[in-house]
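Asker: Could you work out the structure for the sequence below:
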Amino acid sequence: MKHIPNTLSVLRILCSLLLIVVQPLSALFFGIYVVCGASDVLDGYVARKTNSSSSLGASIDGVADTIFIAVLLVVFLPILLPSLWIICWIAAVALVRLGSLLAGFVKYRALSFLHTYANKATGLALFSFPFLYSVFGLTATAVVICGLASYSAIEELMINLTSKELLRDVTRIGYFSRSGE
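Answerer: Residues are numbered from 1 along each chain as shown. Here you go, the predicted model:
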């Protein structure tokens, strides 16, 4: 039972990689896509309910999230042909995220993926991208998601720079509680 959360995260990694070879926006694509989203929600939930949370599990979850997002960029950027300003904004967010990971690694000697509310909201927004895009178009969707991603990346960087210890479950900047409450 204690291995289920990590298994779900590894499943997300494998399913994310499958998205590269599946026809984008096909029924099979959306089926695999939903499995990725469900595994992301379930891994943390199961870990908390079975009291099997671990730093390894949190790292695998962060890696799985990063791979999922990278795959989505690989799949969607060539299809959507976004404006240069959108590409630059995405690149800037990625650089801040990498800076945050580097700062966390140097400071804590560990991958420092954090589970803040802003990161969770960004993950939900990124997961919702295909649906938001079909309703609101690329520009409005990009502004909302990139704005949220910018805030969450900067917040994570600030937390990694200012906290004395690695607190993966910190909920927001200025709230350094282990319990996340």
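Asker: C-alpha only now, for contacts and for neighbours.
Answerer: Will do.
Asker: now L114: how far from V46?
Answerer: Note on L114: its distance to V46, by CA to CA, to the nearest Å, is 18 Å.
Asker: typo on my end, D40
Answerer: For D40, the distance to V46 (CA to CA) stands at 10 Å.
Asker: more neighbours, L114 and V46?
Answerer: Per other CA atoms under 10 Å, whichever of L114 and V46 has more neighbours is L114, with 26 against 19.
Asker: Now the more buried one: closest residue in space, sequence neighbours ignored.
Answerer: R168 (4.4 Å; CA to CA, 6 or more residues apart in numbering).
Asker: List the residues that contact that neighbour.
Answerer: Residues counted as contacts of R168 (CA atoms under 8 Å, 6 or more residues apart in numbering) are 58, 112-115.
Asker: now swap in E156 and tell me
Answerer: 97, 100, 114, 116, 173 are the contacts of E156 under CA under 8 Å, 6+ apart.
Asker: who wins for most neighbours among the residues you listed?
Answerer: Neighbour counts for these, by other CA under 10 Å, peak at L114, which reaches 26 neighbours.
Asker: Any buried residues in stretch 15-27, and which?
Answerer: Going by neighbour count (16 or more other CA atoms under 10 Å), the buried part of stretch 15-27 is 15-17, 19.
Asker: Columns pLDDT and secondary structure on top of these, output as a markdown table?
Answerer: Below are the buried residues of stretch 15-27 laid out as a markdown table (pLDDT from 0 to 100; DSSP: H, G, I helix; E, B strand; the rest coil):
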| residue | pLDDT | secondary structure |
| --- | --- | --- |
| C15 | 97 | helix |
| S16 | 97 | helix |
| L17 | 97 | helix |
| L19 | 97 | helix |
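Asker: Kindly reformat those residues as CSV containing distance to S26.
Answerer: Output for those, formatted as CSV (distance: CA to CA, whole Å):
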residue, distance to S26
C15, 15
S16, 15
L17, 16
L19, 10
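Asker: So which of those residues is the closest to I67?
Answerer: Of all the buried residues of stretch 15-27, I67 sits closest to S16, with 6.9 Å by CA to CA.
Asker: how close does the closest residue to that closest one other than its chain neighbours sit to L11?
Answerer: The spatial neighbour of S16 that comes closest, neighbours along the chain excluded (CA to CA, 6+ apart), is F68 at 5.2 Å. From F68 across to L11, the span is 11 Å (CA to CA).
Asker: Perfect, I'm done here.
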